[in-house]
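K.L.:
what follows is a protein structure lacking sequence information:
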């Protein structure tokens, strides 16, 4: 996979961090794979439907976010992991997201946040 091909999962990850996308259940639904799972910084495991519900009520990202060290790496055919450090309101987490190419679209399959 060429460097330019890794750019799209990074752009989609940044979109998922934006209040505009997070507040648009339709757009988030397009980005989350049917098999999506998330392990939050709290350690809680969420399914796709639980995540969509939580995002509908989410105000956690209204504060300014600081994103650092974001990079993408191909880990298999059509699979890219995006990792980064996120800080907001005195809380720092290391984040990882697994994106899978499904047809012509990238879909988020797994996300994890770990407190730093």
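P.N.:
Cool, got the structure. Please read all numbers here as calculations on a predicted model, not as lab measurements. Numbers count the residues shown, from 1 in each chain.

K.L.:
what about stretch 19-38, distance to the chain center?
P.N.:
The chain centre lies 9 Å from the centre of stretch 19-38; the measure is C-alpha atoms, centre = their mean, to the nearest Å.

K.L.:
average pLDDT for that stretch?
P.N.:
Stretch 19-38 shows an average pLDDT of 92 in the prediction.

K.L.:
neighbouring contacts of that stretch?
P.N.:
The contact list for stretch 19-38, computed with C-beta atoms under 8 Å, 6 or more residues apart in numbering, reads 12, 15-16, 45-48, 51-52, 55-56, 58, 61-62, 100, 102, 105-112. Just so you know, the C-beta spots here come from the backbone N, C-alpha and C atoms, and that holds for glycine as well.

K.L.:
and it, which residues are buried?
P.N.:
21-22, 28, 31-33, 36-38 (16 or more other C-beta atoms under 10 Å).

K.L.:
just send these back as CSV, with secondary structure and distance to residue 5 too.
P.N.:
As requested, the buried residues of stretch 19-38 are arranged in CSV below (DSSP: H, G, I helix; E, B strand; the rest coil; distance: C-beta to C-beta, whole Å):
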residue, secondary structure, distance to residue 5
21, helix, 21
22, helix, 25
28, helix, 23
31, helix, 18
32, strand, 21
33, strand, 18
36, strand, 22
37, strand, 25
38, strand, 25
